[in-house]
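Trainee: just to be clear, the model below is a prediction. Sequence and coordinates:
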Amino acid sequence: MFTGIVEDRGTVTGIKRRSKESTLTFRVNRIDIGEVVKGESIAVNGACLTVTSLEGETFTVDASRETLSRTSLGKLRAGSTVNLERSLRAGDRMGGHMVSGHVDGVGRVKSKKKRGASVEFRFTAPAEIMKYIVEKGSVAIDGVSLTVNTVEGGEFTVNIIPYTLAETTFGALRAGKPVNIECDIIGKYVEKFITGQRDEDAA
C-alpha cells in the first residue's frame, strides 16, 4: 500500500527484455538503498513492483506480462526518469490517499497550461477508467496522489503546484505522453457492492 507521495526520482539504468516480460534496474537519488531489502514493494510510476536484487545505489525488479500490458513501463528506456515510493509503514502519515500500486490503465497528456504559479494538466483516458474519475476526487497519476479539478467526457484536469513539478516527473511531461492511472479504490468497492446487490436481487 502507498500514499501517492513521491519519495524520489529514479533513473533507468538497465532493461532486459525476454519474451513478454522485462527486468528493470533503477538508480535511486534520495532513497537510502541500505534500508531497502529484497522482496519489498516499491511503486515505480505508480506500479507496485517487487525488489529482486540490490547493487550499489540500484535496485532491480521484474515486470510481468500483465504489468507491461496495463502500464507504460514497457515504454521506458535507459536514462528514463521515474517516480519512486516505498510502501507505507504502520504509523506513517497519510499525506496523499490510499494507493494500491495496481494501475488501472494508461492515459495520455492532452495539454498543459500555466495557471499562475501552477500548471494545469489535461488528460485523456479510456471509458473504463473515466467512470471512476470524479470532480474533487482522488487519482494517482504515475504514482502521484492528485485531486481531480474537472471532468469532461473522456478528459479530466489536475493542477500541479511548483513543488510537485520540481520533485516528480511531471515537470518533463509533454502532450502525447502516456501516464499510468490508478483510480480511487473506494469507487471500485462501491460499484462492486451495488452490482453485486443487483445480481442477488435479480436471482
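Mentor: Yes, it's here.
Trainee: for the rest of this, base every contact and every neighbour count on C-alpha atoms.
Mentor: Noted.
Trainee: burial check on the residue nearest to residue 183 when sequence neighbours are not counted, number of neighbours?
Mentor: The spatially closest residue to residue 183, leaving aside those adjacent along the chain, is residue 139, at 5.1 Å (CA to CA, 6 or more residues apart in numbering). Residue 139: 26 surrounding residues under other CA atoms under 10 Å.
Trainee: cool, and residue 181?
Mentor: 28.
Trainee: which helix or strand contains it?
Mentor: strand 178-183 (DSSP states H and E).
Trainee: would you mind pulling the contact partners of that strand?
Mentor: Contact with strand 178-183 is made by 45-47, 71-72, 99, 101-109, 129, 132-133, 138-143, as judged by CA atoms under 8 Å, 6 or more residues apart in numbering.
Trainee: who's the closest residue to residue 58 other than its chain neighbours bridged to?
Mentor: Distance criterion CA to CA, 6+ apart; nearest residue to residue 58, sequence neighbours excluded, is residue 27 at 4.3 Å. For residue 27, the beta-bridge partners are residue 11, residue 58 (DSSP bridges).
Trainee: can you tell me the SS state at residue 54?
Mentor: strand (DSSP: H, G, I helix; E, B strand; the rest coil).
Trainee: contacting residues around residue 111?
Mentor: Residue 111 sits in contact with 121-123, 174-175, where contact means CA under 8 Å, 6+ apart.
Trainee: ok, those residues vs residue 53, which is closest?
Mentor: residue 174 (32.4 Å; CA to CA).
Trainee: now do the same for that closest one: helix, strand or coil?
Mentor: Classified using three-state DSSP, residue 174 is coil.
Trainee: quick one: secondary structure of residue 163?
Mentor: Relying on three-state DSSP, one would call residue 163 helix.
Trainee: okay, residue 200: pLDDT?
Mentor: Residue 200 carries a pLDDT score of 58 in this model.
Trainee: would you mind checking the contacts of strand 178-183 for buried ones?
Mentor: The neighbour-count criterion (16 or more other CA atoms under 10 Å) marks 45-47, 71-72, 99, 101-109, 129, 132-133, 138-143 among these as buried.
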